[in-house]
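In: no FASTA, just this:
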């Protein structure tokens, strides 16, 4: 699971949960992959991401040191930031761990880099 | 017409069957090319999205529709299928439900919903699945829907809610050629439509519906129907009315031992289990049922390569106009195009703002 995917996930499908976002991230195993950098692609993707949630997720796995507190208005002029965003969004692969609903504490396992968001009918 | 509980239709005749079929497909990559159609229109839809789009593939299965210029998130309820998908840098997978998507509101640019909602057993759930897609789409985002059609060029379905046979002996397994009988006057498609079994979907809510109790009671149901089911699987004659009892989703080859007090279980599994637990602990009952199931399934798998085996999958096939009506009844969706393609209805819809006025 990439942090990009984590940025879109929510546990709002649980009963009594309205927001369920962002999910807390607990990682026990992760890898770094080589993925070709494309500045335009990263820029477009970032327009759909919630930067606050991305930064929080990076902090929870100690990968936020090179991320600014706030994104500059025009990313095109900041190649270094785009490359760092590319690294955290596409290169970091969470293999094993858990996602935690911020409202209920319900935990969802991540195995073989696939998070499991299936729940029982009564949850 | 035979009745099937709405949750059984999906858990037994959709989810568990796809898990089983996934294990066959994993054995031979070539078979996936023959058994799963790639829709050119879907591929074109994905490839023509602007670079950097975020796409969700609901019920993605083997996640066939990817593109180097977009990011795809594949969601499926079947772990066996997802684990067989090759990892790509612009693709991520998650286990989730098509009726309750695990995504935040308005975050995606496009959604694929290909051959998914025809496996949902009630109109409420089919509508809910569309509502979920609409919720996750951003305004202006598009979704592509495919459903199997009631109107078929090669046959007539006996009903809109049907159990459709999947003839494993007509599929390539392990590189071995399918054990096809030579059919002079019919195609594979004609035969599966002809052999489809009409069912009546009911909502039985008297039992608690946690997965574990559902799992338990479906095993019990299976046990009870095996005897009646066996002959109907073997028989090849077309059924217009449907058999008195349903075939098991996958065929059974082992005789089953009678449960402790099966007569009581038949009318109330909960009470039966409670009574039985006075004699044998619940854990032991579960363990016994589970080991029997595992044994039966492995025998079925072995037999599948040797002789004719038929799995059944539940479908709700859509009549002309039905898919459009379903989309139009979802408040924030607007139809852009609607077509009929190789026995399937295909709709492209767009998410519109809440204050949008329909013309």
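Out: On my side now, so go ahead. Only a predicted model underlies this, so the values are computations on that prediction, with no experimental measurement involved.
In: Report the secondary structure element holding residue B:19.
Out: helix B:16-27 (DSSP states H and E).
In: I misspoke; the intended subject was residue A:98.
Out: strand A:92-100.
In: Which strands and helices lie in contact with that strand?
Out: Here strand A:92-100 touches helix A:3-6, strand A:24-32, strand A:107-111, going by 3 or more C-beta pairs under 8 Å, 6 or more residues apart in numbering or on different chains; DSSP states H and E. Any C-beta I mention is one placed from the backbone N, CA and C, and that applies to glycine too.
In: List the buried residues for the last one?
Out: By that I understand strand A:107-111. Buried residues in strand A:107-111, counted by 16 or more other C-beta atoms under 10 Å in any protein chain shown: A:108, A:110.
In: Direction included, what does whichever helix or strand comes after that strand pair up with?
Out: Later in the chain than strand A:107-111, the nearest helix or strand by DSSP H and E is strand A:114-115. Strand pairing for strand A:114-115, using DSSP bridges, gives strand A:107-111 (antiparallel).
In: ok and the partner strand relative to strand A:24-32, angle-wise?
Out: Angle of strand A:107-111 versus strand A:24-32, following axes from the mean of the first three to the mean of the last three C-alpha atoms, to 10 degrees, is 10 degrees.
In: Tell me which residues are up against strand A:107-111.
Out: A:1, A:11, A:23, A:26-27, A:94-101, A:115-117 (C-beta atoms under 8 Å, 6 or more residues apart in numbering or on different chains).
In: which of those are buried?
Out: A:1, A:11, A:23, A:26-27, A:94, A:97-101, A:115-117.
In: The closest residue to chain A within chain B sits in which helix or strand?
Out: In chain B, the residue that lies nearest chain A is residue B:52 (2.4 Å; C-beta to the nearest C-beta). Assigned by DSSP H and E, residue B:52 falls within no helix or strand.
In: What is the burial count for it?
Out: Residue B:52: 19 surrounding residues under other C-beta atoms under 10 Å in any protein chain shown.
In: Just the pLDDT at it, thanks.
Out: If you check residue B:52, the pLDDT there is 92.
In: What sits closest to it if chain neighbours are left out?
Out: Closest residue to residue B:52 apart from its sequence neighbours, by C-beta to C-beta, 6 or more residues apart in numbering or on different chains: residue A:44 at 2.4 Å.
In: Just checking, which helix or strand succeeds the one helix or strand the one you found maps to along the chain?
Out: Assigned by DSSP H and E, residue A:44 belongs to helix A:39-46. Reading on from helix A:39-46 to the C-terminus, the next helix or strand found by DSSP H and E is helix A:51-60.
In: Which secondary structure elements does that next one sit against?
Out: Using 3+ C-beta pairs under 8 Å, 6+ apart: helix A:51-60 touches helix A:3-6, strand A:24-32.
In: And the last one, how far out from the chain middle?
Out: Read it as strand A:24-32. 10 Å (C-alpha atoms, centre = their mean, to the nearest Å).
In: and the angle from that strand to strand A:92-100?
Out: Going by the same axes, to 10 degrees, strand A:24-32 makes 160 degrees with strand A:92-100.
In: and the longest strand for chain B?
Out: Longest strand in chain B, counting residues (DSSP state E): strand B:137-148.
In: helices or strands next to whichever helix or strand comes after that strand in the packing?
Out: Under the assignment DSSP H and E, the closest C-terminal helix or strand after strand B:137-148 is strand B:151-152. Packing contacts for strand B:151-152, counted by 3+ C-beta pairs under 8 Å, 6+ apart, involve no helix or strand.
In: And residue B:224, what's its pLDDT?
Out: Residue B:224 is assigned a pLDDT of 56 by the prediction.
In: what does stretch B:114-127 rub up against?
Out: B:4, B:6-7, B:9-10, B:14, B:39, B:42, B:57-59, B:65, B:98-99, B:129-130, B:144-148, B:161, B:201, B:203, B:313-318, B:326, B:329-330, B:344.
In: Buried ones among those?
Out: Neighbour-count burial (16+ other C-beta under 10 Å) applied to the contacts of stretch B:114-127 gives B:4, B:6-7, B:9-10, B:14, B:39, B:42, B:57-59, B:65, B:98-99, B:129-130, B:144-148, B:161, B:201, B:313-318, B:326, B:330, B:344.
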